[in-house]
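From the sequence below, what's the structure:
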Amino acid sequence: MMITSTSNEQIKNIIQLKEKSKVRKQKKQYVVEGLKMFSEVPKEDLRGVYVSEHFLKENEGKLQGVNFQTVSDSVFKKISDTVTPQGVLAVVAQKENTLDEILNNRRKNKSCIVVLDRLQDPGNLGTILRTAEGAGVSGIVMSSDCADIYNPKVIRSTMGSIFRVPFAVVDDLPAAVERIREKGITTYAAHLQGEDYNKGVFEKDIALLIGNEAAGLSKEVSEKADQWIKIPMEGKVESLNAAVAAAILMYEAR
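Next up, the predicted model:
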């Protein structure tokens, strides 16, 4: 039967997952929206699929073999996180890696790991994941006080990379950087007091340390780095957006 009320328990659950990081952490689930994102979710991670009545009329053939629940258009607008809902939404099981998994599964000879310290903007975080996939990054390591990677805005910004780029969330980032160095990986901190990086500097396994949008890297994290670097600037610009800076360095590493 079609769900026509926002008092339905499944609908309440979706709204809470959409709006509350605490609930996402407790239930270890999150919400993805849109046909492209839905089509890329690993099938074993699906925990529920919801489609609007309008979407069903137009796209029933795209739901072959999928168990789904139909939701009235008005209710779907309530559970959607976008101004113009696409009509399909899924509840997905969270899946994270450990730091050691990322270290052990990195590419041989030349790999790049991105380390994020207290990044707060969901759009930046999602863009970095998306760019990391394009640049062939081995994995992302994040401090636990970064923006919630399962925030709907982050999920949208990744454009599906959330399903393919390994990432780990750690409580002690300085200790994680130390662990990375123990594995023979050279750590480079993006820092305003660093030296201009030169082409060819990233010759071995490396980790790029990217800091908070306003404050940069914490002293505790930057002090763990093997070298401080910065992107050369002209004009009066002192720094770049965190996601843009990360992208430049990731592709230089590639």
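
What degree of burial does L17 show, as a neighbour count?
A count of neighbours around L17, defined by other CB atoms under 10 Å, yields 22. C-beta here means a position set from N, CA and C on the backbone, and glycine is covered the same way.

Report the beta-bridge partners for the residue nearest to it when sequence neighbours are not counted.
In space, L17 comes closest to V31 once its chain neighbours are excluded; the distance is 5.0 Å by CB to CB, 6 or more residues apart in numbering. Beta-bridge partners for V31, by DSSP bridges, are V91.

Would you check how far apart V31 and N67 are?
Here the criterion is CB to CB, to the nearest Å. By it, V31 lies 17 Å from N67.

Neighbour count for these two, which is higher?
For V31 versus N67, neighbours defined as other CB under 10 Å are more numerous around V31 (27 against 8).

got the contact list for that one?
The contact partners of V31, by CB atoms under 8 Å, 6 or more residues apart in numbering, come to 14, 17-18, 79, 81, 89-92, 152, 155.

one more time with 6 Å, if that's ok
17-18, 91 (CB atoms under 6 Å, 6 or more residues apart in numbering).

And the strands in the stretch 1-150 of the chain?
Remark: strands assigned in the stretch 1-150 of the chain by DSSP state E, counting those that start in this stretch are 29-33, 46-52, 69-71, 88-93, 112-116, 139-143.

and P174, which of those is closest to it?
strand 139-143 (9.4 Å; CB to CB).

what distance separates that closest one from the centre of its chain?
9 Å (CA atoms, centre = their mean, to the nearest Å).

That strand to strand 112-116, inter-axis angle?
20 degrees (axes from the mean of the first three to the mean of the last three CA atoms, to 10 degrees).

and after strand 139-143, which helix or strand comes next?
Using DSSP states H and E, the next helix or strand after strand 139-143 towards the C-terminus is helix 152-158.

and the longest strand that the chain contains with strand 112-116, angle?
In the chain, taking DSSP state E as the definition, the longest strand is strand 186-196. Here strand 186-196 runs at 70 degrees with respect to strand 112-116, directions being taken by the same axes, to 10 degrees.

Mind giving me the packing neighbours of strand 186-196?
For strand 186-196, the packing partners by 3 or more CB pairs under 6 Å, 6 or more residues apart in numbering; DSSP states H and E come out as strand 206-210, strand 227-230.

okay, those strands, which one's buried deepest?
When you average the neighbours per residue for each of the helices and strands packed on strand 186-196 (mean count of other CB atoms under 10 Å), strand 206-210 leads with a mean of 25.

Send me that one as PDB with only the CA atoms.
The C-alpha coordinates for strand 206-210 follow below in PDB (Å, rounded to 0.1, in the frame of the first residue of the first chain):
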ATOM      1  CA  ILE A 206      52.600  10.400   0.300                       C
ATOM      2  CA  ALA A 207      49.900  11.700   2.600                       C
ATOM      3  CA  LEU A 208      48.400  15.200   2.100                       C
ATOM      4  CA  LEU A 209      47.300  17.000   5.300                       C
ATOM      5  CA  ILE A 210      44.400  19.400   4.700                       C
END
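
pLDDT below threshold where in the stretch 151-254 of the chain?
The model of the stretch 151-254 of the chain has pLDDT under 70 over residues 199-200.

Go ahead and confirm K153 touches P122.
Yes: the criterion here is CB atoms under 6 Å, and K153 meets it with P122 at 3.8 Å.

out of these two, which sits in the more crowded spot?
Neighbours per residue, other CB under 10 Å: of K153 and P122, the larger number sits with P122, 19 against 14.

Just list the residues touching the more buried one, thanks.
147, 151, 153-154.

That one and A253, how far apart?
Computed with CB to CB, the distance linking P122 and A253 is 24 Å.

now swap in G134 and tell me
Taking CB to CB, one finds G134 at 12 Å from A253.

These two: who's more crowded?
Between G134 and A253, counting by other CB under 10 Å, A253 is the more crowded of the two (23 against 13).

quick one: that one from A225, how far?
15 Å.

Please apply the same query to I3.
From I3 to A225 the distance is 51 Å (CB to CB).
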